[in-house]
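In: Output the structure for:
(one chain, ligands or ions: 1)
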Amino acid sequence: PHLIPPTPPPQIPKPSPPAISTASMSRSKENIYPAPPHYGSSSNPSRLLPCKRPLQSPCPPPRRPLADVTGNALQQPGSAGGVEGIDYGYITPLPKVPKSCGFLLEDDDMDEAFLLEVDAICEEHSRSMAGKDKGREKDLTVERGPVVVAAATHAGPVCGTLEDAFWTEAYAIFEECDAQPAAKSQDEELKEMVEEESSVLSCGDDSLLPAVSIADDCVKLEDTFWEVNAISKEHHVTSSEMNQEHYVASLAINQDEIDEVYVEDGSVALCVDFPPVISIAEEGGEVVDALLGEVDVIHEGQVAMSAAKGKEEPGEMGLEMEENEGCAPRKYYEYLHSLNDKQREAACSDVAVPLMIVAGPGSGKTSTMVGRVLTLLKEGIPPSNILAMTFTTAAASEMRDRIGAVVGKAVAKEIIISTFHSFCLQLCRTHAEKLGRTSEFIIYGHGQQRRAIIEAERLLEHGKSDGLGDAVKQYDGDIKHSFKDKAKKWLKFVTQAKSSGQAPEEYEKKGDLTGASILRHYNEILVSCNALDYHDFINSSITLLTKFPEVYKECQNTWQAIVVDEFQDTSAMQYFLLKLLASHNHITIVGDDDQSIFSFNGADVSGFDSFRRDFPNHKEIRLNKNYRSTRAIVEAATALIHNNTKRCNHKLAETDNPSGSKITVKECHSEDSQCAFVIDKIIETTSSSAEGRDFGKIAVLYRRQITGKAFQVSFRNRKIPFNVHGVAFYRKKAIKAIMAILRTTLPGCDDGPWRQALKTLLPGDKEEKKKIIDHVEKISLARKCSFISAATDIFSAKVSGTFKRTQITQGRKVLSTLYSLSKFVEREQSVSAVISSAGNMLPQQYLLEKRAVIDNDGGKLLNEDNDIRSVDGRTTRRPRAPAHAHCWASSLILETRT
Ligand SMILES: Nc1ncnc2c1ncn2[C@@H]1O[C@H](COP(=O)(O)OP(=O)(O)OP(=O)(O)O)[C@@H](O)[C@H]1O
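Out: Okay, the predicted model is just below:
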């Protein structure tokens, strides 16, 4: 129907075209958070909340004279840009008028008198309308000319003839609506807020619910809206699909038409002069679930952060809630509010000033760091340009979760929260060719490093013996053993050299020619094996930043702010790297020299002094209050640490916590008595617990892996279920074995994986295998050929002076199995199938070391991957090897996928 308002519509300010560039339609990193919207003078911060899904029927309209209603509410196709011939509802810019209980009259002849009459009828009926026939709002008919009613839902206009009964009914509806606000829920309040401050995308088909409503000031359309559109497109949700699914989407709105009502597929949108709000109404169906999720996340972040922009920095106390209430990103300020004064001061201090936070244990440094990152975001630094360095992946994920809780997961996901090593690894992989490697370079762990050291020793020895003629003589068993004996020492030497960034030339200068030569050979071996070790990650990253200006520039542009956790554990080289990355001064370090635990890895607590020296304009804040421990623990720890004469920061730890029970110190004279004491204590504690035995609340910390093993045996014997934390996935024997087997399938695989694969796959006991491998190594060295070609030669022989015939046959079988696997790899597309095959190759007795152990009473003994671990080689129930192999391979497959 052609809709005509009974009175000239009021002057609705025609919004200017959106000041938005097409670039903003893309989800540009720089512009994720648009400028803050103007939120008016609302005094209730909760009203700033975005309306999340679902937005159902709008707020009930107040009773109003018809003329007013029509006068304010109506939109004509002509005036508002609607498309003729399409039945559409209308948008009422609330709160001027009720949103959708308008009366749309479509008769040219309707004049003022008519309207007065209608008003009179309204008036009349307004006195006698107590609850009749509620819920018939969509079936109304009217007598005196066609009237369109957009009833209390967004169902859209319904035509009919005017009659008294109509008004009675209409007012009955109003009454009903008026009654509702009495019991307003939070959702309703929110909904009401949205209605007041937004326009609603409505539709002309009463079978459709409004799906997306966008409000914007129309002068500057927020990027969020375009993000929603982009996501809709990403999810291939078209408006017609949505209609099929009973959705109306915002897709109908085009950038050029944003200042007008636009209609497509029955949907109508109008932008009015209110803050941007997106609300989503959903009605089942999977089509847009992902979309809704994404929109929610973006929206959360957008609202929090766009509101944060433009806010004044919190004052001395960090917060000026009252003043800023109207535009504060609630969660951010709530978060800051949860911090104590010192923590808040640290979190909110000027982002351009280097900041050092010296924080005692349990003093909320993680909480403060989270606050700091939130402030960086608030200051407009895009999340993807913030680099947070932590020392463990667990710390990284905790931090991300905590940030995500405030700004939303999507934003938190964009922040680079990484360990030093994984950050550097990424950098090295990206620029691997500059380091003389390919991006698939191998990472050498401890075992491989040791072998490379032995190799370096041999090369050194070889160099020395070059002039001696019969080189082979040099490589007899004794010399080889001496290489191995010295390997530990040289590995330490190389580690120290690398963690202090020393090159072979520097040792040469100092006159340490042997050290220089070992280091040089070691580095050359790694280059020729396309490998880097853990220390190389840091050193090579420094090389990239210092020798390649383009890499430096790229990093400067990317990492606009850096936050470092556990600063006390940074090594000299890591510190140097930080200094390079943070030449813009946007750096925050958090740490506590009392908690330095990585000195074995080159950690250098003097980093605090270096920071003070290198960033002279820095600000220093100390957090002393312990929230985590009882007073007894805090005092004992303080007393103990006072004995450390090398401390550079003398901090006084305080706590408001209760004193708690006293600490028991028990001196045990053997490992067994220590285990027995601890287990007795556990049993005593759990037996006296009112909640019944809950072993899960007890933790046992031990200093060395070997002690852990003794505990595991004792726990098994005493039938106490336990988990073991701490063995990294890739350090598990089975995983290492599978990885080595897989590596042998790579072209040009070096000796290490072959050696490990043979060790895994050859039958026999440890000694027997060692003998075979040593012999192969000896031959490979003497012939100057690879390990695998020596092994192939040895096992191809029919007879051997060294080995029994069965051993040769077994060796041949292993090589043939590995060869079959490499052929399989060539034709198999599925990585999972390849990993499974490698897993299935592991011999049974090897797997039994890691078999499932079901305790007599059914209790499970679990390690951190929920894989049940044996502790002493005995089993109570032996699973079949293939099933177990599959289990390990599955873990690896999973790991590979992630
Ligand atoms: N201002 C505060 N008010 C109340 N509790 C707090 C406050 N700050 C931190 N906490 C609580 O103290 C505990 C320790 O906080 P957090 O994990 O941030 O400290 P931490 O310094 O990182 O600890 P650690 O030194 O052990 O790594 C947490 O339970 C946290 O909720």
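In: where do the strands sit along the stretch 351-500 of the chain?
Out: 355-359, 386-390, 416-419, 442-444 (DSSP state E, counting those that start in this stretch).
In: Over to the stretch 651-800 of the chain?
Out: Counting by DSSP E, counting those that start in this stretch, the strands of the stretch 651-800 of the chain are 723-724.
In: how near is the nearest residue to residue 542 once chain neighbours are set aside to residue 545?
Out: Using Cβ to Cβ, 6 or more residues apart in numbering and skipping residues adjacent in sequence, the residue nearest residue 542 is residue 577, 5.4 Å away. Where C-beta positions appear, they are placed from N, C-alpha and C, glycine not excepted. According to Cβ to Cβ, to the nearest Å, residue 577 and residue 545 sit 7 Å apart.
In: out of the two, which sits in the busier spot?
Out: Between residue 577 and residue 545, residue 577 has the larger neighbour count (other Cβ atoms under 10 Å), namely 27 against 23.
In: which residues touch the more buried one?
Out: Residues in contact with residue 577 (Cβ atoms under 8 Å, 6 or more residues apart in numbering) are 420, 424, 538, 541-542, 545.
In: Show me which of the residues you listed is closest to the ligand.
Out: residue 420 (17.3 Å; Cβ to the nearest ligand atom).
In: How many residues are close by that closest one?
Out: So residue 420, with other Cβ under 10 Å, has 23 neighbours.
In: isn't it right next to residue 392, touching?
Out: No. Between residue 420 and residue 392 there is no contact under Cβ atoms under 8 Å: 10.7 Å.
In: got the residues of this structure near the ligand?
Out: Residues of the chain lying near the ligand by Cβ under 6 Å from any ligand atom: 339-340, 343, 359, 361-367, 627-628.
In: Please repeat the previous calculation with a cut-off of 5 Å.
Out: 340, 361-367, 627-628 (Cβ under 5 Å from any ligand atom).
In: Mark which of those are buried, thanks.
Out: Among the residues of the chain next to the ligand, those classed as buried by 16 or more other Cβ atoms under 10 Å are 340, 361-367.
In: what's the most distant pair in those residues?
Out: Greatest spatial distance in those: 340 and 361, 15.7 Å, computed using Cβ to Cβ.
In: where's the spatially closest residue to residue 583 that is not a sequence neighbour relative to residue 581, distance?
Out: Using Cβ to Cβ, 6+ apart and skipping the chain neighbours, the partner closest in space to residue 583 is residue 556 (7.1 Å). Going from residue 556 to residue 581 by Cβ to Cβ gives 8 Å.
In: before we move on, what about residue 635?
Out: For residue 635, the distance to residue 581 - Cβ to Cβ - is 39 Å.
In: the more surrounded of those two?
Out: residue 581 (22 against 15).
In: Hmm, residue 545 and that one touching each other?
Out: Yes. The criterion here is Cβ under 8 Å, and residue 581 meets it with residue 545 at 7.4 Å.
In: on that earlier part again, what's the local residue count around the residue nearest to residue 583?
Out: Residue 556 - counted by other Cβ under 10 Å - has 15 other residues nearby.
In: where does the stretch 301-450 of the chain dip in pLDDT?
Out: 301-329 (pLDDT under 70).
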